[in-house]
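K.L.:
Based on what follows, work out the 3D shape:
(4 chains)
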Number of protein chains: 2
Amino acid sequence: MAEKVTIYDISKKLKISAATVSRALNDNPKISAKTRELVLKTAAEMNYKQNRLAQALKSGRTNNVGVIVPYINRSFFSSVIRGIEEELSPHGYHVIICQTHEDVNNEIKQIDTLLNTQVDGIFMSVAKTTQDTSHIKKALAENTPLVFFDRKKEVKGLSSVVIDDFRGGYLATEHLIKQGCKKIAHFSGDLNVEIYKNRHQGYLKALKDNGITPLKRFSLQVNSKLESGISAIKDLWEFDEKPDAIFSSSDYAALGAIQELKQMGIKIPEDVCVVGFSNEPFTKYMELPITSVDQTPLEMGKIAAQVFLEQIEGSQTLTVEKQVILAPKLFVRNSSNRNL
Amino acid sequence: MAEKVTIYDISKKLKISAATVSRALNDNPKISAKTRELVLKTAAEMNYKQNRLAQALKSGRTNNVGVIVPYINRSFFSSVIRGIEEELSPHGYHVIICQTHEDVNNEIKQIDTLLNTQVDGIFMSVAKTTQDTSHIKKALAENTPLVFFDRKKEVKGLSSVVIDDFRGGYLATEHLIKQGCKKIAHFSGDLNVEIYKNRHQGYLKALKDNGITPLKRFSLQVNSKLESGISAIKDLWEFDEKPDAIFSSSDYAALGAIQELKQMGIKIPEDVCVVGFSNEPFTKYMELPITSVDQTPLEMGKIAAQVFLEQIEGSQTLTVEKQVILAPKLFVRNSSNRNL
DNA sequence: TATATTTTTGTAATCGATTGCACTAATTTA
DNA sequence: TAAATTAGTGCAATCGATTACAAAAATATA
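P.N.:
As a prediction, the model looks like this:
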């Protein structure tokens, strides 16, 4: 068994104090070049590895950050996490992951245990049901930087990185209008959730800017499931005046819509254009690839990490909150492309 | 700013020693009920939170585990990680994630820093290119349990949880035979990688068991990309004797195959059946859903976690390695289902 | 009541690294 | 050469919790 080598082992071997060893290893300028060399050489020989726990206890910094998301295996979240990891790893940070399963109670627990483990920072996308933010303010109270991504809450002093959902909604709708669509229906998610509300607003604004009066009946709350997309189409088609386009806040519902429309013999994109949101991996693999708004998750993760780093490094400055809003990207594919 | 409360603060307030406080908090039976109550009550009042770093330094256990995968945002890996997290979180463990980007050098670094951070255990799926295992043996030398999942290496003393890739290959091929296919081609991955080799072996065995002589030309090395599937089909169709089924070790290549076959006007599943591997989320969403072998990633993660827990808890027993082999599940869908 | 036991609590070392302060040795200055 | 700096090291406390051992308090026994 490899016994752990400590600075005391080195100090004994060299008959110098542990303090000197520590200083030599940390490139402290007060140490003579000769001693430093000797210590470094010996440390290498003895296969010394710094005990990060001891160091963390002393310094109060663990070099760990926590990421809290609803589910890690959702394509969007795992990509954001990847971005965070890739940006932070070169700086010596490790990423700890936590899942809330969209439940505030778990969120509360996770924040607690993360703060307890003394993470140097927290990244989070709040659960859909989260209303109260007192558990989030704890991080602030303990002086642990917290950065929201995608799903944020308004808490003074906390930074966030989100995409411009309004613009995403606007882009998608505008694109549909340019394709010649005039009766555009929108599948929104729960309008109490900020991101869905914003996408909806963007949709409305684009219509108005183009002289189209939005029809109340064309805004449906549809949750993020294939089946919901199917039944939403059925509902819409009960009326005489049918839409000539669907802009869905969810790729899954968009897919359901496409399946149902095809079922009914409706041609896409000739008769009806369909646009989704999130740019889920499957959208581009479909036989009829689906146009979708990309949320640039990888970039979002990287930028969130940068915001955290700025906050940590420049601790001089009083904690300044930073609100980054990324531009969404529309990927036009066949489900809405009439210019082929 | 909330000052951190320590057991010393409690001991001062109650005028008892920190040792007593510590014992009371840890339910040590040597403490009188009265004192315990008092301490617990006071601790709650003062909002005491144990410093896990100090405890970790003392005990040598951090309650952190590391997971090393090629990329976290691959559907399969993120699902395994989810399984690990969900199984371990109730036991108080946190999960640290690391990516290798399929590069052994990163793998080496990651193991090093994880051991350095004193994780209590490591889960890993090795990079495709990994040959030498000396970096992995370091964990063993430091007495840190390491559990392989999916992609393993033979290292004495290390446990693993994998699926029965041979059986997966066998199942898929057998299914195709039952559909009446007789000329089944196989897209394998790199045959130097164990999992691909095993799937290939399973394919061969199923053919033989059913009296079909495998054709060398029908075993192609195709990497896990849509485009590769397309060109593989082109290659196969240059010969007169065409296959009547494709069993691909990759869902992406299977998808490419389907696209190209359709392009050529070939009917699926009537003329050619197609089966993929991994049960990627997109397979079930396709207009023509793709039959695929599921690797039960969530379960794999959970079981890997259980193996780790057994190893940690029953530290009495000498480290016994455990090799778990999970059964793959075939999800039959329209790309290979002629019995509709 | 005096002594033996058992409970309960306190003292101090430990985990490994860091760092302010003090001290010695080496160098510079007068 | 003596005094004043400067450079290089060591001592010991610290981060917060745990725990063997010692000691004190409470209880049981004679």
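K.L.:
Per-residue pLDDT of the residue nearest to A:Y8 when sequence neighbours are not counted, please?
P.N.:
In space, and not counting its chain neighbours, A:Y8 is closest to A:A18: 5.3 Å by C-beta to C-beta, 6 or more residues apart in numbering or on different chains. Using the backbone N, CA and C atoms, a C-beta is placed for each residue, glycine as well. Per-residue pLDDT puts A:A18 at 94.
K.L.:
so what's A:A18 up against?
P.N.:
Listed by C-beta atoms under 8 Å, 6 or more residues apart in numbering or on different chains, the contact set of A:A18 reads A:I7, A:Y8, A:I10, A:S11.
K.L.:
So the closest residue to A:G276 other than its chain neighbours versus DNA strand C, what's the distance?
P.N.:
Excluding its sequence neighbours, the residue lying closest to A:G276 (C-beta to C-beta, 6+ apart) is A:A254, at 3.4 Å. Remark: distance between A:A254 and DNA strand C (C-beta to the nearest atom of the strand, to the nearest Å) = 53 Å.
K.L.:
Ok, A:L207 next?
P.N.:
60 Å.
K.L.:
next structured bit after the host helix or strand of that residue?
P.N.:
Under the criterion of DSSP states H and E, A:L207 resides in helix A:194-209. Of the helices and strands lying after helix A:194-209 in sequence (DSSP H and E), the nearest is strand A:219-221.
K.L.:
Paired strands for that next one, with orientation please.
P.N.:
Sheet pairing here is set by DSSP bridges, and for strand A:219-221 it gives strand A:184-188 (parallel).
K.L.:
which residues touch the strand it pairs with?
P.N.:
Residues from elsewhere that reach strand A:184-188 (C-beta under 8 Å, 6+ apart): A:169, A:173, A:176-177, A:196-197, A:199-200, A:203, A:207, A:212, A:218-222, A:228-229, A:232, A:236, A:243-250, A:253-254, A:257.
K.L.:
same thing but 7 Å
P.N.:
With contact meaning C-beta atoms under 7 Å, 6 or more residues apart in numbering or on different chains, strand A:184-188 is reached by A:173, A:176, A:196, A:199-200, A:203, A:207, A:218-222, A:229, A:232, A:236, A:243, A:245-250, A:253.
K.L.:
before we move on, the earlier item: distance between the helix holding A:L207 and the chain's centre?
P.N.:
Distance, stretch centre to chain centre, for helix A:194-209: 21 Å (C-alpha atoms, centre = their mean, to the nearest Å).
K.L.:
for the residue nearest to A:Y8, phi and psi?
P.N.:
Backbone torsions of A:A18, given as degrees, to the nearest 10, read phi -60, psi -30.
K.L.:
Would you mind listing what in chain A touches DNA strand D?
P.N.:
Applying C-beta under 7 Å from any atom of the strand, one finds that chain A approaches DNA strand D through A:15-20, A:23, A:30-35, A:54, A:57-58.
K.L.:
what do you get if the cut-off is 10 Å, keeping everything else the same?
P.N.:
Selection of chain A residues close to DNA strand D by C-beta under 10 Å from any atom of the strand yields A:7, A:11, A:14-24, A:28-36, A:38-39, A:53-60, A:116, A:118.
K.L.:
that older thread, of the contacts of A:A18 - the most surrounded one?
P.N.:
The most neighbours of any of those, using other C-beta atoms under 10 Å in any protein chain shown, belong to A:I10, which has 24 neighbours.
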